[in-house]
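S.K.: Build me a model from this:
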Amino acid sequence: MKTINQIVGGIIIMLAMNNAEAQINANELAVINQLTTASAVVNMPVSKLLNAPGNEALKAFFFTPVKDRSALKGKKIAVLVADGFEEIELTGPVWYFRELGATVDIVAPKYNPAPERYGLAYPEMSKTHVMAIQYLQPVGWIKFDRTADQIKVSDYDAVFIPGGAWNPDNLRADKDVIKFVQDFNKSGKLIAAICHAPVVLASAEIIKGKKLTGYWNIQSDLKNAGATVLEQSVVTDGNLVTSRHPIDVADFSRAVENWLLKKF
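M.R.: Next up, the predicted model:
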């Protein structure tokens, strides 16, 4: 159900659009209509993913109480994330690691809006939040704790990167993120990436000669970067842990836990 703020915000946007259209002539409007596609909202709630046939183990992962809530006490984990991250690939592991007692920071690139000529409008909250998606549909926002230029390798015991259709593209273009990943890799500490996120590791040039996995449509990119790609839910090779898909979140999260507890 939409909140009052969402409804009011929608009305304001519609009024602004109507006002803009009123200021252009009929010919321009006809062209704009041809350049504009029909809008649609795809509803893919997390509950639908958890209740889908074949995902019984994933559902059990979230609804079975954690036995040792201090297993990762004292561990600090950074989540490197930008706009366009796959919701469950961030919220799922973050929930689990915090249930185990770890401290988790959400770390985003510095706010860097596109040039005005791109024609993009950013909400005010984009200065302090990053946008979540479900497949390709924007669904919400999460507040970040720090920016990538503010963190040091010594601050954390592990880093993980969620996937999403365009989150990794935003991250791999950020010099602070790439430098941090490279330095973190040199330390030998854990770097974990799921779904599309291993392409960030490829851009950081740390996967040559490594075994890993990733979402199906990036596997050729990983191979081209010198990695051996395995078709399995999670792959651990040295300090790298990788997974393929939202349905692998449970295996991915446990693999990170096991690495930090030296159970791999």
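
S.K.: What is the neighbour count of Gly84?
M.R.: The criterion is other C-beta atoms under 10 Å. On that basis, Gly84 has 22 neighbouring residues. The C-beta positions use only the backbone N, C-alpha and C, and glycine is treated the same way.

S.K.: So it sits against Leu171, correct?
M.R.: No. Taking contact to mean C-beta atoms under 8 Å, the distance of 9.6 Å between Gly84 and Leu171 leaves them out of contact.

S.K.: my read is Ile142 is in a helix, agree?
M.R.: No. Secondary structure assignment places Ile142 outside any helix; it is strand (DSSP: H, G, I helix; E, B strand; the rest coil).

S.K.: any idea how far Val79 is from it?
M.R.: Look at Ile142 and Val79: by C-beta to C-beta, to the nearest Å, they are 9 Å apart.

S.K.: For the two, list the residues in contact with both.
M.R.: With C-beta atoms under 8 Å, 6 or more residues apart in numbering applied, the overlap between the contact sets of Ile142 and Val79 consists of 90, 106.

S.K.: Looking at these two, which has the bigger crowd around it?
M.R.: More neighbours surround Val79 than the other of Ile142 and Val79, with 26 against 17 (other C-beta under 10 Å).

S.K.: what's the closest non-adjacent residue to that one?
M.R.: Counting by C-beta to C-beta, 6 or more residues apart in numbering, Val79 lies nearest to Ile106, which is 5.1 Å off, once chain neighbours are set aside.

S.K.: How about the secondary structure of that neighbour?
M.R.: In three-state terms, and counting by three-state DSSP, Ile106 is strand.

S.K.: Let me know whether it touches Asp145 as I believe.
M.R.: Yes. With contact defined as C-beta under 8 Å, Ile106 and Asp145 form a contacting pair (5.1 Å).

S.K.: the more surrounded of those two?
M.R.: Neighbour count, other C-beta under 10 Å: between Ile106 and Asp145, Ile106 has more, with 18 against 14.

S.K.: Which residues are in contact with the more buried one?
M.R.: With contact set as C-beta under 8 Å, 6+ apart, Ile106 has these partners: 79, 81, 90, 94, 130, 142-146.

S.K.: Looking at it now. What's its pLDDT?
M.R.: With respect to pLDDT, Ile106 scores 98.

S.K.: Tell me how far it lies from Phe97.
M.R.: Ile106 is 12 Å from Phe97, by C-beta to C-beta.

S.K.: which sections of the stretch 151-264 of the chain are below the confidence cut-off?
M.R.: When residues are selected by pLDDT under 70, those of the stretch 151-264 of the chain lie in 264.

S.K.: hmm, 80 instead?
M.R.: 263-264 (pLDDT under 80).

S.K.: how about the helices in it?
M.R.: Taking DSSP state H, counting those that start in this stretch to define them, one finds helices in the stretch 151-264 of the chain at 167-172, 175-187, 198-203, 219-224, 249-260.

S.K.: ok, and for stretch 159-176, which residues are buried?
M.R.: The neighbour-count criterion (16 or more other C-beta atoms under 10 Å) identifies 159-165, 167-172, 174, 176 as the buried residues of stretch 159-176.

S.K.: actually stretch 96-115, not the one I wrote
M.R.: For stretch 96-115, using 16+ other C-beta under 10 Å, the buried residues are 96-97, 99-100, 102, 104-109.

S.K.: Pick the one among those residues closest to Gln34.
M.R.: Nearest to Gln34 among the buried residues of stretch 96-115: Pro109, at 35.2 Å, using C-beta to C-beta.

S.K.: correct me, but that closest one touches Ile151?
M.R.: No. Proximity of Pro109 to Ile151 does not meet the contact threshold set by C-beta under 8 Å, at 11.4 Å.

S.K.: Between the two, which contacts overlap?
M.R.: Taking C-beta under 8 Å, 6+ apart as the contact criterion, no residue touches both Pro109 and Ile151.
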